[in-house]
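S.K.: I would like to see how this sequence folds:
(2 chains)
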2 protein chains.
Amino acid sequence: MPLSESTVLISEVGPRDGLQSVKSVMPTAAKCAWIDALHAAGLREIEIGSFVPARRLPQMADVADVVRHALALPGWTVMALVPNLQGAEAALATGVHKLTLPVSASEAHSLANVRKTRADMLAELRRIVALRDAQAPAVRIEVGLSTAFGCTLQGPVPEDEVLRLAEAAAAAGVDEVGLSDTTGMAQPAQVRRLFTRLRAALGERAGAAHLHNTRGLGLANCLAAYEAGVRTFDSSQAGLGGCPYAPGASGNVVTEDLVFMFEAMGIATGVDLEALLAARAPLRAGLPGEPLYGMLPEAGLPLGFTYADGRLPRTPSIPRQAAA
Amino acid sequence: MPLSESTVLISEVGPRDGLQSVKSVMPTAAKCAWIDALHAAGLREIEIGSFVPARRLPQMADVADVVRHALALPGWTVMALVPNLQGAEAALATGVHKLTLPVSASEAHSLANVRKTRADMLAELRRIVALRDAQAPAVRIEVGLSTAFGCTLQGPVPEDEVLRLAEAAAAAGVDEVGLSDTTGMAQPAQVRRLFTRLRAALGERAGAAHLHNTRGLGLANCLAAYEAGVRTFDSSQAGLGGCPYAPGASGNVVTEDLVFMFEAMGIATGVDLEALLAARAPLRAGLPGEPLYGMLPEAGLPLGFTYADGRLPRTPSIPRQAAA
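M.R.: Numbering: from 1, shown residues only, chains lettered A, B, ... in the order given. Here you go, the predicted model:
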């Protein structure tokens, strides 16, 4: 699907960002059933898991198996998060299409989150790029600059520092540098300004918007990023990954709501909303008791809804909670 | 407060739109305590109630008393909804500053909601304008075009019809014509397009954006309306007025979240967020058991938050649910 003015790529991060944030461990077979349903809904990029020690994140212990399952499905990009060189080695061994590495824009967050300075993370990134160049040159590498819009430890993060880090990551040889509102502190004017600067500085290497709905501004921020030229958006089915309505939480933008916004605006996502709503059923089955979020799943598609490409839903107006 | 590029007017509709949608009847004293707290938070326009027969809406039986209470508070505009001439007569007798009349953009909704055609509503509007001109020429009249972005009965509403109605209302002598997403069907591209047309057609008489969060797009739609030049926004404290997260509901945009978005963007609202959060306490006291919504009240102000005018919050970062 070519990314034109009226097309965006939705990058589903639920199996990684979502599942590593919930307490329960989703069984491998349930993960695979959910991933099959996400693929069937037309998603074309998925962040499938983290290559981290199982003792640190038991939710991700089966990541290699899950990656292999996802790689067997055609026509999508399977991405894995790697926090370091060791993770990258393990990920590349599975044949994954794309690696994503989080680099904190805030020094305080970097030290707290990965116990490394930002400079050390950039050095690690260079080692990962060298490994990729040597072993798997077709694999793409993305950096997500976390806390790019503010940090719960240090407060505001200077935009010049974010830009400097983005340029350093691009200079290190990564293919895409995105910006993440890890802490749910972004607002639309800032999102527009920072992505405009990122695109001016990095051109084609300017990457995804990864925005949270902590203070209700998730979709407004996505709209602002779109207006700044961003065409790849991270989101999570059912807002998995930090409860978006719970105290202090930092939930991801809900994929269902994001896809609805773009399709309603006439911006094609390639995602079938009815199939996406149906994918909540295997998610619910695999995570019993875990709250699932989203406004569209509650309200249903409005009467007269038309997809961006002119298709009509199979039912004229989807009754609320029809799928799950 | 002059409305410049970096200033908006938040029109709080909770005491009318909110209270008439909940099942319980809030006691008059509790309403007045809540309204005092909203005034103390810096709100400068409030929709205080509906002048409708008490047998139809017992929640509004005390509307005249509540209007008189609100009129005793200085420096704000007290507005009442009137569905017809009889309501306008009763409202004008209280000395209210402003009347608002709902006119359905959808003929189906008009017949279902007020059992009148749109043409009949325009005729009623002309009678209300004549009454105002004769009795209280200083009173402003606003029309809110409901179902302007879609109707649950008929589906899409042609934009030309919305514009024609807006022009007819302006020609009838009303001061402001706003657009309401009564059914939560609006999307940002449509909001921008329709308000741009409204402003081109009506100039200074183009009025408020009244947007709902039914499918999660409330704040994104407000952002789009702002970008189209809208500077007055209706919203409801705690999202009162249709549960925003409940099946099929059509909740108003949450005032707390809307004020936060604008202030964080550097667009002054004149509202003190800490005092606004504190106003949830009398609301909760007056409506025990009624769910209160909002993301900002859950998450609190982010560390380093600054108001548009440069003020800092009294606490550096408001702990979640500090106020209520």
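S.K.: please name the residues that touch the spatially most central residue of chain A.
M.R.: Residue closest to the mean C-alpha point of chain A, counted by CA atoms, centre = their mean, is A:D234 at 3.2 Å. Listed by CB atoms under 8 Å, 6 or more residues apart in numbering or on different chains, the contact set of A:D234 reads A:11, A:13, A:17, A:47, A:144, A:178, A:180, A:208-211, A:252-253. Placement of C-beta: from N, CA and C, glycine included.
S.K.: in CSV: the residues you listed, plus pLDDT.
M.R.: Putting these into CSV (pLDDT from 0 to 100) gives the following:
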residue, pLDDT
A:S11, 98
A:V13, 97
A:D17, 92
A:E47, 98
A:G144, 97
A:G178, 98
A:S180, 96
A:A208, 98
A:A209, 98
A:H210, 97
A:L211, 96
A:N252, 92
A:V253, 96
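S.K.: quick one: end-to-end length of stretch A:287-304, please.
M.R.: End-to-end span of stretch A:287-304 (CA to CA, to the nearest Å): 33 Å.
S.K.: and that stretch, what's buried?
M.R.: A:287, A:290, A:292-304 (16 or more other CB atoms under 10 Å in any protein chain shown).
S.K.: which of those sits closest to B:R115?
M.R.: A:L303 (21.6 Å; CB to CB).
S.K.: need the three-state assignment for A:V25.
M.R.: Assigned with DSSP: H, G, I helix; E, B strand; the rest coil, A:V25 falls in the coil class.
S.K.: run a quick neighbour tally on it.
M.R.: Neighbour count for A:V25, taken as other CB atoms under 10 Å in any protein chain shown: 17.
S.K.: quick check: it vs A:P58, distance?
M.R.: Applying CB to CB, to the nearest Å, the value for A:V25 to A:P58 is 5 Å.
S.K.: with A:A90 instead?
M.R.: Where A:P58 is concerned, A:A90 sits at a distance of 16 Å (CB to CB).
S.K.: neighbour count winner among these two?
M.R.: Applying other CB under 10 Å to A:A90 and A:P58 shows that A:A90 carries more neighbours, namely 17 against 12.
S.K.: which residue sits closest to the residue of the stretch 51-200 of chain A found nearest chain B, ignoring its sequence neighbours?
M.R.: Proximity to chain B, evaluated over the stretch 51-200 of chain A using CB to the nearest CB, is greatest for A:G155 at 3.0 Å. Sequence neighbours aside, B:G304 is the residue nearest to A:G155 in space, at 3.0 Å (criterion: CB to CB, 6 or more residues apart in numbering or on different chains).
S.K.: SS state for the one you found?
M.R.: Three-state assignment for B:G304 (three-state DSSP): coil.
S.K.: need the pLDDT of it.
M.R.: pLDDT recorded at B:G304 is 92.
S.K.: same thing with A:D65?
M.R.: 98.
S.K.: buried stuff in the lengthiest helix in chain A?
M.R.: Ranked by number of residues, the top helix in chain A under DSSP state H is helix A:118-135. Buried residues in helix A:118-135, counting neighbours by 16+ other CB under 10 Å, are found at A:118, A:121-122, A:124-126, A:128-129, A:131-132.
S.K.: quick one: it to chain centroid distance?
M.R.: Taking CA atoms, centre = their mean, to the nearest Å, one finds the center of helix A:118-135 at 21 Å from the center of the full chain.
S.K.: now for it, which elements pack on it?
M.R.: Helix A:118-135 is packed against helix A:85-94, strand A:98-104, helix A:107-114, strand A:140-146, helix A:159-171, with contacts defined by 3 or more CB pairs under 8 Å, 6 or more residues apart in numbering or on different chains; DSSP states H and E.
S.K.: what parts of the stretch 51-200 of chain A come near chain B?
M.R.: Selection of the stretch 51-200 of chain A residues close to chain B by CB under 8 Å from any CB of the partner chain yields A:150-156, A:183-185, A:187-190.
S.K.: in TSV, list the helices and strands packed on helix A:118-135 along with distance to B:R280.
M.R.: Output for these, formatted as TSV (distance: least, CB to CB, whole Å):
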stretch	distance to B:R280
helix A:85-94	45
strand A:98-104	34
helix A:107-114	31
strand A:140-146	32
helix A:159-171	34
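S.K.: what's the least confident stretch among these?
M.R.: helix A:107-114 - the lowest mean pLDDT of the helices and strands packed on helix A:118-135, at a mean of 90.
S.K.: centre of the chain to that one, how far?
M.R.: 20 Å.
S.K.: buried set for that helix?
M.R.: A:107, A:109-110, A:113-114.
S.K.: B:A40: which of the residues you listed is nearest?
M.R.: A:H109 (36.9 Å).
S.K.: contacting residues around the closest one?
M.R.: A:146-147, A:151-154, A:182.
S.K.: quick one: the closest residue to A:H212 other than its chain neighbours from B:R311, how far?
M.R.: Nearest non-adjacent residue to A:H212, counting by CB to CB, 6+ apart: A:G184, 4.1 Å away. A:G184 is 22 Å from B:R311, where distance means CB to CB.
S.K.: neighbour-wise, which of these two wins?
M.R.: A:G184 (27 against 11).
S.K.: which residues does the more buried one contact?
M.R.: Neighbour list for A:G184: A:212-215, A:217, A:250-251, B:299, B:302 [criterion: CB under 8 Å, 6+ apart].
S.K.: and if you look at A:M265?
M.R.: For A:M265, the contacting residues are A:308, B:187-190, by CB under 8 Å, 6+ apart.
S.K.: and it, what are its phi and psi?
M.R.: Backbone dihedrals for A:M265, given as degrees, to the nearest 10, come out at phi -80, psi -10.
S.K.: which residues are in contact with the nearest residue to A:L131 once chain neighbours are set aside?
M.R.: Among residues not flanking A:L131 along the chain, A:A88 sits closest, at 5.8 Å (CB to CB, 6+ apart). By CB under 8 Å, 6+ apart, A:A88 lies in contact with A:51, A:82, A:99, A:101, A:128, A:131-132.
S.K.: swap in A:T152?
M.R.: By CB under 8 Å, 6+ apart, the contact set of A:T152 is A:109, A:183, A:185, B:302-303.
S.K.: just A:G218 next, same as before
M.R.: The contact partners of A:G218, by CB under 8 Å, 6+ apart, come to A:211-212, A:244, A:252-254, A:257-258.
S.K.: and which of those is nearest to B:P137?
M.R.: A:D257 (46.1 Å).
S.K.: the closest one: neighbour count?
M.R.: A:D257: 25 neighbours (other CB under 10 Å).
S.K.: using the three-state scheme, assign it.
M.R.: Three-state assignment for A:D257 (three-state DSSP): helix.
S.K.: so it makes contact with B:N213?
M.R.: No - here A:D257 does not reach B:N213: they are 10.4 Å apart, not a contact under CB atoms under 8 Å.
S.K.: so what's A:P102 bridging to?
M.R.: With DSSP bridges as the criterion, A:P102 is bridged to A:G144.
S.K.: check contacts around it.
M.R.: Shown in contact with A:P102 (CB under 8 Å, 6+ apart): A:81, A:83, A:113-114, A:143-144, A:146, A:180.
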